[in-house]
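J.: Structure for the following, please:
(2 chains)
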Amino acid sequence: DSGVTQTPKHLITATGQRVTLRCSPRSGDLSVYWYQQSLDQGLQFLIQYYNGEERAKGNILERFSAQQFPDLHSELNLSSLELGDSALYFCASGGGLAKNIQYFGAGTRLSVL
Amino acid sequence: AQTVTQSQPEMSVQEAETVTLSCTYDTSENNYYLFWYKQPPSRQMILVIRQEAYKQQNATENRFSVNFQKAAKSFSLKISDSQLGDTAMYFCAFREWSNNNDMRFGAGTRLTVKP
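T.: Coordinates of the predicted model:
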């Protein structure tokens, strides 16, 4: 168990809808990273938050947004969903005692029908 | 921008044998971290091993070891005494020295351990 909690594990929704993915980091970690993994592909970095502030942005679509709350949990909001958004979305946390390591949650599998 | 290349999409190995997965990367940085993550069928991302670029000694974790060649920008993973549970996707990843940077992942190598 990595200590990173992601909910829900699975999401099935329709095109055009909006969903929210939630991530609770490991105790003591200040950074949260979001990644997207499409079928049989590597992980693509979306966005990072550090102690409530956006720190880095990757290939995140304008339809996607994220935030980190005072208790350090983070939410990734995906709107106007398209079929191509179907993927596994990972959250990772870091920045704690093991500063150079990112620990991954189990992921949320999003299926857009 | 840093890129990570894994040139072996798929590999297989017989149980108890040794296999080496290749990874190369491109960076202009002098200090950075390199990682190997394992993704079994459960899809969980599991850290296998990490290497700090400033360390000359290759990292080792039980049956897993790396061959880090900084000048060649190469970071291969050797799995000794392969076990059926080693069957997974293996991703090589690069991260800059700064604490707040994301990781760049390779496309992955699918390893199958055969009984």
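
J.: low-scoring stretches of chain B, by residue?
T.: Chain B contains residues with pLDDT under 70 at B:1, B:98-101.

J.: That one against chain A: which residues are in contact?
T.: Selection of chain B residues close to chain A by C-beta under 8 Å from any C-beta of the partner chain yields B:33, B:35, B:37, B:42-47, B:50, B:52, B:91, B:95, B:99-108. Yep, even glycine has a C-beta here, placed from its N, CA and C like the rest.

J.: Going by neighbour count, which of these are buried?
T.: For the residues of chain B next to chain A, a burial check counting by 16 or more other C-beta atoms under 10 Å in any protein chain shown picks out B:33, B:35, B:37, B:44-45, B:47, B:50, B:91, B:95, B:100-108.

J.: How much space separates the residue positioned nearest the centre of chain A from B:Gln2?
T.: What sits nearest the mean C-alpha location of chain A, by C-alpha atoms, centre = their mean, is A:Trp34, with 3.4 Å. From A:Trp34 across to B:Gln2, the span is 19 Å (C-beta to C-beta, to the nearest Å).

J.: and chain A, which of its residues are near chain B?
T.: Counting by C-beta under 8 Å from any C-beta, the residues of chain A that sit close to chain B are A:2, A:31, A:33, A:41-45, A:48, A:50, A:55-56, A:58, A:88, A:90, A:92, A:94-95, A:99-104, A:106-107, A:109.

J.: could you show me where the strands are in chain A, in order?
T.: Counting by DSSP state E, chain A has strands at residues A:5-7, A:10-13, A:19-24, A:31-37, A:43-50, A:53-57, A:64-68, A:74-78, A:87-94, A:103-104, A:108-112.
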